[in-house]
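> next comes the sequence, and after it the predicted model I'd like to discuss.
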Amino acid sequence: MGFDYFTIRNLAAELEAKVSGQQVLRASGTAAELNLEMAGGEGLHVALGRDGWVCCSAGRPLDRPDQLGVPEPLLVGARVEKVWADSRDRLLWLWLSRPDSQGQPSFAHFVLELIYPRFQAYLVSERSGRVLRGWAGTGRPRLTIGSQYAAPECGKRLLPGEDTEEDLVAALAGQPCTLRALAGKVVGMDEVVAAVVFAGAGLVPGESLTTEDLRGFWRAARALYRRPAEMGGAVWAVAGKEHFSGLIPATLPAETFASVSEAIRRVRQPSPGGPVAVTANAPGRLRGTLSRLRRRLAALEADLAAAGAADHCQKQAAAILAGITQVPRGADHAQLPDPYGLPGQTLLVQLDPRWSAAENAARLLKAVQRYRRRQEVLPARIRQVRQLVAEGEGILASPTDRDQLEGWLKKNSMNEDREHPRRPAEAVAHPRRYRTSSGWSVWAGRNNVENDLLSHRLAAQNDYWFHAHGYPGSHVVLRREGRKEEPSAQTLREAAGVAAFWSKGKTAKRVSVVYTLVKYVSKPRGGAPGQALLKREKSLMVEPRLLPEEDEGSV
C-alpha cells in the first residue's frame, strides 16, 4: 500500500511546484538510494527495493548525509523541466535537460517505477529511448544499460473517466466482487481507496454486489478520480503498521499533512541507528510470526469494521418487512418507506433478485445477528493480538538474548506444527476419491482445511479444479496423473457433477459449477481455509451426481 493513484498524482503535483525549473547541484547514491539536491534548496530522495519510497526533502538537508553514496555525474547539472504522473501505470516522470559537449540542449527522462515489490529508477535518453543508467534496491535492474526502455507489464486495469461501467462489469464477470477484486481491476487502486469508493457509492463491504452496484461503484470512482491533484497526504495505522496515501481514507482515523512528502517521510524515514539484530535465525522467524499476527489483526479489524453495517442491515430489513407488498419478485432494488425516518421519507433497499422479499429480509436479519456477535467478541480478540504484536515488535527493536526470544516464539508462534515434525499433506488429508467413466481420478475435499490441502498441496498445476458456483462446498480436482491429453466433455461434466453434489446446492436439479486449471487457483492473503480466487474460469450446468468410488490405495 502507499503508492496508489492519488499518492503518485499528489507527489507529481508537489514536485512540479517545488523542483520544476530547478537545476540539480549534487546527485549521489547507492544501488538502493538516490539523493538529488536542487539549486533552490529543495531536494529529492529516492529509496528503491521492496519497501521503496520517494519524497521531496522539503527545503532541509537530507537526514543521512553520511550515506549519500557515490556521485551520479549523469544527473548533476540537469534541469528539471517538468514532472508528471503516468495516467495508467504507477510511474513518475521527470523531464530533464542538460547541455551536451557542444553546448546544445539534450533531454532525458528520469523514470521512477513505484510498483511493489520492486521499486526501480531509470535515466532514459529522449532521443533514442535507450537506458543510460538504472537503479534497483535488490538484485539487478530490470533493464540493462543500452537497452530500449519499456514500462513494466502491469496487466490491463481500468481507468475511471476513460473506461466505462460496462468494462468493469465485463472484467468482473464470474468473479467475487470483493474490495480486493475490485481494487485489482482499477488503475492505482488498493483496498483503502476501494473502501473510500464503497462509502461514496453507499455500498456495504461484505454484501453481494449486483450489476447496478458495480455501476454505482464505477460512478463514485469516476467522481473521485476526477478530483484535481493536491499536495496533501495522510497517515493511518492498520494491524499496527502505518500506511500513507494522498487520499484521506473515509473509514479510518488518519493524521493529515500539508504535503504527501511529509506523510511519506512520517512512515518511511528510518530512525537513526535502525533496529538492533539479535541472533542469526531467530529474527527472521520473529518477523514471520509478526507478519502472520498482523495479517490476523488486519482480518479481525476488517471483520469488526464490516460489523458496523449491522444498523444499516436492520434498517433495510425493517423497511422490507414494513413494505413487503410493494416489493415485486425478482427486483434488485426497491424504494420503500423509511420506518425510522420522518413521514414521507423513503429508503433505497438493495435486493437479491433470486430471493423473495421475505427471504431478503430474513437474510439481512441473519447478517445483523452475525454482525452483533462480532461486535461482542472481536474487540477482546483484537486487543489480545495487538498486545502480541506490540510485544514482538518490542523484542525485535531492542537487544534481546536468545533464550528470551526463543521463549516468546515458542509461546506465540502461529505455526501449528511447531511441536511436531512436519508431515506430508498426504498423511493428513483423506479426500473422497471417485473414478469417471473414462478412468480419470476425481478427488473431493471433506472440509475447508482439506479443501486447502487438496487445492494448494496435493493437486498438480495442470489438474482441473471445480467448485459449485454460489454455494459453499467441496473443492474437487480432476487429476491428470501424467496424461497429456485433455479430458473429454463428458469427463469434465462428471467431475463437475461431483462438485455440485458435495455442495449446498446438491438438492437442486441443476447447479452451475465453475472450473479452471489448478495453476489459476490462488488463496487470498489472510483468507480463511477454503477460500479461493480464480482466473480464466469457465462454467458448466450439471446435475449433482456422484461417481463410483475408487480404491484409496490406487493413486
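Good, I have the coordinates.

> specify the local secondary structure of residue 514.
Three-state call for residue 514 (DSSP: H, G, I helix; E, B strand; the rest coil): strand.

> distance of it relative to residue 13?
Between residue 514 and residue 13 the distance is 44 Å, computed by Cβ to Cβ, to the nearest Å. C-beta coordinates here come from the backbone N, C-alpha and C atoms, glycine included.

> what bridges to residue 346?
residue 337 (DSSP bridges).

> doesn't residue 337 make contact with it?
Yes: between residue 346 and residue 337 there is a contact at 5.9 Å, judged by Cβ atoms under 8 Å.

> tell me the SS of residue 236?
With three-state DSSP as the basis, residue 236 sits in strand.

> right, and it touches residue 254 too?
Yes: under the criterion of Cβ under 8 Å, residue 236 makes contact with residue 254 at 4.0 Å.

> give the contact list for residue 449.
Residues near residue 449 by Cβ atoms under 8 Å, 6 or more residues apart in numbering: 529-530.

> in what helix or strand does it lie?
Here residue 449 sits within helix 448-453, counting by DSSP states H and E.

> show me what counts as buried in that helix.
Going by neighbour count (16 or more other Cβ atoms under 10 Å), the buried part of helix 448-453 is 450-453.

> please enumerate the helices of the stretch 101-250 of the chain.
Assigned by DSSP state H, counting those that start in this stretch, the helices in the stretch 101-250 of the chain fall at 165-171, 179-185, 191-201, 211-225.

> of these, flag the one that's most buried.
helix 191-201 (a mean of 22; mean count of other Cβ atoms under 10 Å).

> helices or strands up against that one?
With contacts taken as 3 or more Cβ pairs under 8 Å, 6 or more residues apart in numbering; DSSP states H and E, helix 191-201 sits against helix 179-185, helix 211-225, strand 241-245.

> rerun at 10 Å
The helices and strands touching helix 191-201, judged by 3 or more Cβ pairs under 10 Å, 6 or more residues apart in numbering; DSSP states H and E, are helix 5-18, helix 179-185, helix 211-225, strand 233-238, strand 241-245, helix 282-306.

> how about low-confidence regions in the stretch 51-200 of the chain?
Filtered on pLDDT under 70, the stretch 51-200 of the chain yields the residue ranges 58-69, 138, 154-155, 176.

> can you give me the neighbour number for residue 495?
The tally of other residues near residue 495 (other Cβ atoms under 10 Å) stands at 30.

> so the spatially closest residue to it that is not a sequence neighbour, which of the three states?
Setting aside the residues directly before and after it, residue 495 is nearest to residue 478 in space (Cβ to Cβ, 6 or more residues apart in numbering), at 4.3 Å. Of the three states, residue 478 takes strand according to three-state DSSP.

> report how many residues lie close to residue 478.
Residues near residue 478, counting by other Cβ under 10 Å, number 26.

> am I right that it is in contact with residue 439?
No: the criterion here is Cβ atoms under 10 Å, and residue 478 misses it with residue 439 at 11.6 Å.

> mind exporting the C-alpha coordinates of the helix holding residue 449 to PDB?
Taking Å, rounded to 0.1, in the frame of the first residue of the first chain, the C-alpha atoms of helix 448-453 are listed here in PDB:
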ATOM      1  CA  ASN A 448     -12.300 -26.300   4.400                       C
ATOM      2  CA  VAL A 449      -8.900 -27.400   5.800                       C
ATOM      3  CA  GLU A 450      -8.800 -30.400   3.500                       C
ATOM      4  CA  ASN A 451     -10.000 -28.200   0.600                       C
ATOM      5  CA  ASP A 452      -6.900 -26.000   1.100                       C
ATOM      6  CA  LEU A 453      -4.600 -29.000   1.200                       C
END
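
> let's have the chain start at 540 instead
Yep, numbering from 540; the last one is helix 987-992 now.

> I'd like the helices of the stretch 640-789 of the chain laid out as a markdown table, including distance to residue 640.
Output for the helices of the stretch 640-789 of the chain, formatted as a markdown table (distance: least, Cβ to Cβ, whole Å):
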| stretch | distance to residue 640 |
| --- | --- |
| helix 704-710 | 49 |
| helix 718-724 | 48 |
| helix 730-740 | 47 |
| helix 750-764 | 44 |
